[in-house]
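Asker: Let's see this in three dimensions:
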Amino acid sequence: MGVITSEIEITSSVPAARMFEAIVLDSDNLIPKIMPQAIESVEILEGDGGVGTIKLVNFGKGSQFKSVKHRVDSLDKENFTHSYSIVEGDVLMGIFESITYHIEILATADGGCICRNRSVYNTKGDVQITEEKIKEGKEKTMDNV
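Answerer: Purely as a prediction, here's the structure:
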């Protein structure tokens, strides 16, 4: 199994607590409302929203994918960190075993925050894929949003 990691960091004027609430705690409700073409709905299949919870994410009509199941791996509301893994769905394209996202929101001195997202792509067997191909896939997805 191969592992490819990509990272992104975004600076925002929104306070860290508010950003964490929006993109982690309330995202299941917010994103389908503000971006229905990207995500149509999110449904909890197992759990209470905390660690171990399994969610079904149904993509909107603008997406090239239908749905994914993801598992909440960690959730720290005090330190504004969250990790989850995509464990099933067409977004894995038959080449990934899983994709794990690690989100960290850091407060900045000016009252805003820095949002860090590290994505870890675990390929099946000896499948080879480049970071460039992953970047192309992300860009194609964002073009449809």
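Asker: If you average pLDDT per helix and strand, which one of this protein comes out bottom?
Answerer: helix 131-143 (a mean of 64; mean pLDDT, DSSP states H and E).
Asker: Now do the contacts for F59.
Answerer: The neighbours of F59, taking C-beta atoms under 8 Å, 6 or more residues apart in numbering as the test, are A38, I39, E40, F65, K66, S67, V68. All C-beta atoms are positioned from the backbone trio N, CA, C, and that covers glycine.
Asker: Next: L106.
Answerer: Counting by C-beta under 8 Å, 6+ apart, L106 touches A16, F80, C113, I114, R116.
Asker: and of these, the nearest to N29?
Answerer: F80 (18.8 Å; C-beta to C-beta).
Asker: how close does the closest one get to A22?
Answerer: 11 Å (C-beta to C-beta, to the nearest Å).
Asker: again with V72
Answerer: Where A22 is concerned, V72 sits at a distance of 17 Å (C-beta to C-beta).
Asker: Looking at these two, which one has more neighbours?
Answerer: Set V72 next to A22 and count neighbours by other C-beta atoms under 10 Å: V72 wins out with 20 against 15.
Asker: got a pLDDT number for that one?
Answerer: For V72, the model assigns a pLDDT of 98.
Asker: List the beta-bridge partners for the residue nearest to the spatial centre of the chain.
Answerer: By C-alpha atoms, centre = their mean, the chain has its centre lying nearest to Y101, at 5.5 Å. For Y101, the beta-bridge partners under DSSP bridges are Y84, S119.
Asker: Much appreciated, bye for now.
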